[in-house]
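Chemist: Sharing a model that was predicted from the sequence below.
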Amino acid sequence: MTPSEPADRRRLRHEALRRRERRRAERNAFLEAQLEPGELVVARSRDYPLVTDRRILQAHQLSHPPHRGEWVCSSLAFDQITEWTLGRRHDNRPVLRLEHAPHARMEHVPQHHFLWFRWGDAERPVARTRTTLEFGRATNPVLVAICQSLERAGVHRGEPFAIRPAGTREERKREAPLVRRSPWHRPRS
């Protein structure tokens, strides 16, 4: 290792951290601009959604031309949510599932679609009726604020669930051969 390599790594790491902080500041400013008059921010935490007294706001940047770099906001009002369920991943991290009326969100989709072939990159609004939010810990202020707001609004709470990896630990540890399947072998729906 030459003497300049550790310095280069430190410089690159410092630049990456600066870019992340700048992107986070842009995202927060964009979300603040989306607030309606009189709307109060209840909770925020790093890259998680912003929770207000009325709704949940998420923002992400578009990554494909012609609108690359533009921020888009997805807003889900608490009165649109019909059911919520709090679950756990296999490592005990909380997962929140929200069932709601059809809601359009900008998502990455193939630009072209012909028969079973899909190619290209595009972003379009896609109607969804379920939103899943994953958190690193149960004490995350955004998770706590969403759950409290849903309980206050009287939204029906579903049965808790657990997401477990498929099979047993021994089965997952075994190396399964890689089998490439062509579209011709998949059942048609």
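Modeler: That came in fine, so what should we check first?
Chemist: so where is this protein shaky, pLDDT-wise?
Modeler: 1-3, 175-189 (pLDDT under 70).
Chemist: Closest to the centroid, which residue in it?
Modeler: Geometric centre of the chain, nearest residue: residue 133, 6.1 Å, by CA atoms, centre = their mean.
Chemist: From residue 41, how far off is that one?
Modeler: Counting by CB to CB, to the nearest Å, the separation of residue 133 from residue 41 is 17 Å. In short, each C-beta sits where N, CA and C put it, glycine included.
Chemist: helices or strands up against the longest helix along the chain?
Modeler: What stands out as the longest helix in the chain, according to DSSP state H, is helix 4-33. Applying 3 or more CB pairs under 8 Å, 6 or more residues apart in numbering; DSSP states H and E, one finds that helix 4-33 contacts strand 55-61, strand 71-77.
Chemist: from those, which stretch is densest packed?
Modeler: Compared across those, strand 55-61 shows the largest average neighbour count, a mean of 19 (mean count of other CB atoms under 10 Å).
Chemist: Quick one: list the elements packing against it.
Modeler: Partner elements for strand 55-61 (3+ CB pairs under 8 Å, 6+ apart): helix 4-33, strand 50-52, strand 71-77.
Chemist: do that again at 7 Å, thanks
Modeler: helix 4-33, strand 71-77 (3 or more CB pairs under 7 Å, 6 or more residues apart in numbering; DSSP states H and E).
Chemist: Any idea how far the helix or strand hosting residue 113 is from the middle of the chain?
Modeler: Element membership for residue 113, per DSSP states H and E: strand 112-114. Put simply, strand 112-114 sits 26 Å off its chain's centre (CA atoms, centre = their mean, to the nearest Å).
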